[in-house]
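Visitor: Okay, predicted coordinates and the sequence, questions at the end:
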Amino acid sequence: MHNHQQQAIMKSPNSLYSRRRRDISSSGSAGSGTPERPYNSPASTYSSSSSSHKSNSDKNPVKIAARTVAGAFIACFTPPEKVETNNNSLSSCGGHSADASDASSGSGSERRRLGIYATSNNSTHAREPGNVKFSMDEIYKATKNFSPSLKIGQGGFGTVYKGQLEDGNLVAIKRAKKGVYDKNSGAEFRSEVRTLERVEHLNLVKFYGYLEHVDERIIVVEYVANGTLREHLDCMHGNVLEYAARLDIAIDVAHAVTYLHTYIDHPIIHRDIKSSNILLTENLRAKVADFGFARLAADSEAGETHVSTQVRGTAGYLDPEYLKTYQLTEKSDVYSFGVLLVELVTGRRPIEPKRELKERITARWAIKKFTEGDAILTLDPRLERSAATNLAIEKILELALQCLAPNRRSRPSMRKCVEMLWSIRKDYTELLASDRSSDSRSSNTIREE
Ligand SMILES: Nc1ncnc2c1ncn2[C@@H]1O[C@H](COP(=O)(O)OP(=O)(O)OP(=O)(O)O)[C@@H](O)[C@H]1O
């Protein structure tokens, strides 16, 4: 990537960085989790296992670099009418329901609707635990020979199919485009697969296995039924994503990334944290997907502090220091997480070329509003305002500001982000409860009068 191209990307949220420092309490109170999985215990959240893991895919570096640069240039120069933006209007939350209603991952009705594996519930052919190698036959069966009706997505890595294994588990089967992995990159594929095999966390998409056969490279991961966070922010699933759910999602993602960064054997940098890589369950809990770019972080005990490698990632989320130096650290993920926090508050995409100039880079605009004392004006207009929400917006943007610090040393660790988010959620929940009880008291008073 050329310097001037990098500059184009780097103009974003950091140059806008003007600090308004305030102390954020980081009491680390646990807050409430859903029954789906508690996160009151950091220890349990971060524990690792050696059995099954998270998704991976790798991507063509040339395409990624090209896409990154193109993204930045499109962001700056594309005439507005050619670029789609997020329409923040209530009406955009109409009835378009993609996968939301069939969120019953693995339910009989869904299987019947898709017509896959009618007999699978009775199957006794479960995969051996720990066996991560799939055969072509298994993949053909699971995808009904890569049936177009089971295609659920297309990404930089290739095509994604929904499938069902013989043991009944629903999976996403990611088939690499031919050429993404050539003969020489088999080692890279295998090393990434080894990484996936070793990680396991409730907020990471679980890795089931892979297949490497002639020119086929396939990764099999847990199917997450309820679409991506970006789709939900765009109201593609019918309902507005409530503020409390957004806070929970931020915490889920922070847990997953903290786990990766503090992974027992060796820290792992995700490198592509973005709202379209956050998948949601039917209970709106988040699972971080796409280890396409994941690399093991440098061993800081061995005196290294970064990994030098090619620039990869997605325009709008890229750490400017990484773009300048090609040096990747965990703090690059923290930067992307800061962009994601702003996305959660505003509902907007990181770059919205159709907006007026000062609002095109969402993080720059939101942080400016925050520093001017107008944080609440950045709230997604589809959400209701309340004292609790107003306070939480301020605090989230304050945390985002820290994550987006141009100097990576000034950024908090992901673990620190988790603690701050716990504290924000606790304050939010308490204030919401007291708002509600005072509301009901005053309505009782009115009724008595
Ligand atoms: N585990 C999964 N469960 C359910 N759907 C999935 C899963 N993984 C991917 N998808 C669907 O497939 C789409 C493409 O996913 P993929 O990870 O290949 O690309 P991407 O992250 O959207 O794009 P890019 O490769 O540019 O980062 C996703 O947007 C999602 O809709």
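Guide: Received it, and whenever you're ready, just let me know what you need. This is a predicted model, so every value here is computed, not measured.
Visitor: Got the phi and psi for K162?
Guide: Backbone torsions for K162, taken as degrees, to the nearest 10, come to phi -90, psi 140.
Visitor: With L318 instead?
Guide: Dihedral angles (degrees, to the nearest 10) for L318: phi -80, psi 130.
Visitor: ok, now the one 3 residues further on?
Guide: Backbone torsions for E321, taken as degrees, to the nearest 10, come to phi -70, psi -30.
Visitor: so who does it touch?
Guide: 327, 331-332, 335, 406-408 (Cβ atoms under 8 Å, 6 or more residues apart in numbering). Where you see a C-beta, it was placed from the backbone N, CA and C, and this is true even at glycine.
Visitor: repeat for S410
Guide: Counting by Cβ under 8 Å, 6+ apart, S410 has contacts Q402.
Visitor: Generate a ChimeraX selection restricted to the buried entries among the contacts of E321.
Guide: A single ChimeraX command selects the buried members of the contacts of E321 (16 or more other Cβ atoms under 10 Å):
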select :327,331,332,335,406,408
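Visitor: want to throw the contacts of E321 into TSV with secondary structure and distance to L260?
Guide: Listed next are the contacts of E321 as TSV, based on DSSP: H, G, I helix; E, B strand; the rest coil; distance: Cβ to Cβ, whole Å:
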residue	secondary structure	distance to L260
Q327	strand	18
K331	helix	13
S332	helix	12
Y335	helix	15
P406	coil	23
N407	coil	22
R408	helix	17
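Visitor: So which bits of this protein are right by the ligand?
Guide: 55, 152-157, 160, 172, 174, 205, 221-224, 228, 276-277, 279, 289-290 (Cβ under 6 Å from any ligand atom).
Visitor: What about those, which are in strands?
Guide: 152-154, 160, 172, 174, 221-222, 279 (DSSP state E).
Visitor: Drop anything exposed from those.
Guide: Counted by 16+ other Cβ under 10 Å, these give 160, 172, 174, 221-222, 279 as buried.
Visitor: Which of those sits closest to T378?
Guide: Of all these, T378 sits closest to L279, with 25.4 Å by Cβ to Cβ.
Visitor: so what's the closest one up against?
Guide: L279 sits in contact with 205, 224, 226-229, 286-289, where contact means Cβ under 8 Å, 6+ apart.
Visitor: Narrow those to just the buried residues.
Guide: For these, buried by 16+ other Cβ under 10 Å: 205, 224, 226-229, 286-289.
Visitor: Output those residues in TSV, with pLDDT appended to each entry.
Guide: Formatted as TSV, those follow (pLDDT from 0 to 100):
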residue	pLDDT
V205	94
V224	97
N226	97
G227	96
T228	97
L229	98
A286	98
K287	97
V288	96
A289	92
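Visitor: How many neighbouring residues does K416 have?
Guide: Look at K416: counted by other Cβ atoms under 10 Å, it has 19 neighbours.
Visitor: who does the one helix or strand L340 maps to touch, helix- and strand-wise?
Guide: L340 belongs to helix 330-346 when assigned by DSSP states H and E. Applying 3 or more Cβ pairs under 8 Å, 6 or more residues apart in numbering; DSSP states H and E, we find helix 330-346 packed against helix 243-261, strand 268-269, helix 320-325, helix 362-371, helix 387-403, helix 414-448.
Visitor: Just the CA atoms of that helix, as CSV, please.
Guide: Extracted in CSV, the C-alpha atoms of helix 330-346 (Å, rounded to 0.1, in the frame of the first residue of the first chain):
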residue,chain,number,x,y,z
GLU,A,330,-3.4,-6.1,20.5
LYS,A,331,-4.0,-2.3,20.6
SER,A,332,-5.0,-2.4,16.9
ASP,A,333,-8.0,-4.5,17.9
VAL,A,334,-8.7,-2.0,20.7
TYR,A,335,-8.9,0.8,18.0
SER,A,336,-11.3,-1.2,15.9
PHE,A,337,-13.3,-1.9,19.1
GLY,A,338,-13.5,1.9,19.6
VAL,A,339,-15.0,2.3,16.1
LEU,A,340,-17.5,-0.5,17.0
LEU,A,341,-18.6,1.3,20.2
VAL,A,342,-19.4,4.4,18.2
GLU,A,343,-21.3,2.3,15.7
LEU,A,344,-23.4,0.8,18.5
VAL,A,345,-24.3,4.2,20.0
THR,A,346,-25.1,5.9,16.7
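Visitor: circling back to that earlier point, which pair in the contacts of E321 spans the largest distance?
Guide: Farthest pair in those, by Cβ to Cβ: Q327 and P406, 14.1 Å.
Visitor: would Y208 count as being in a strand?
Guide: Yes. If the criterion is DSSP: H, G, I helix; E, B strand; the rest coil, then Y208 is within a strand.
Visitor: Could you give the number of residues near the residue nearest to it when sequence neighbours are not counted?
Guide: Nearest residue to Y208, sequence neighbours excluded (Cβ to Cβ, 6 or more residues apart in numbering): V220, at 4.2 Å. Other residues near V220 come to 25 when the count uses other Cβ under 10 Å.
Visitor: Quick check: V220 touching G209?
Guide: Yes. At 4.9 Å, V220 counts as touching G209 under the criterion of Cβ atoms under 8 Å.
Visitor: so what sits against both of those two?
Guide: Contacts common to V220 and G209, judged by Cβ under 8 Å, 6+ apart, are F134.
Visitor: Right, and the ligand sits closest to which residue of the stretch 301-449 of the chain?
Guide: When scored by Cβ to the nearest ligand atom, the stretch 301-449 of the chain has T314 as its residue closest to the ligand, at 6.5 Å.
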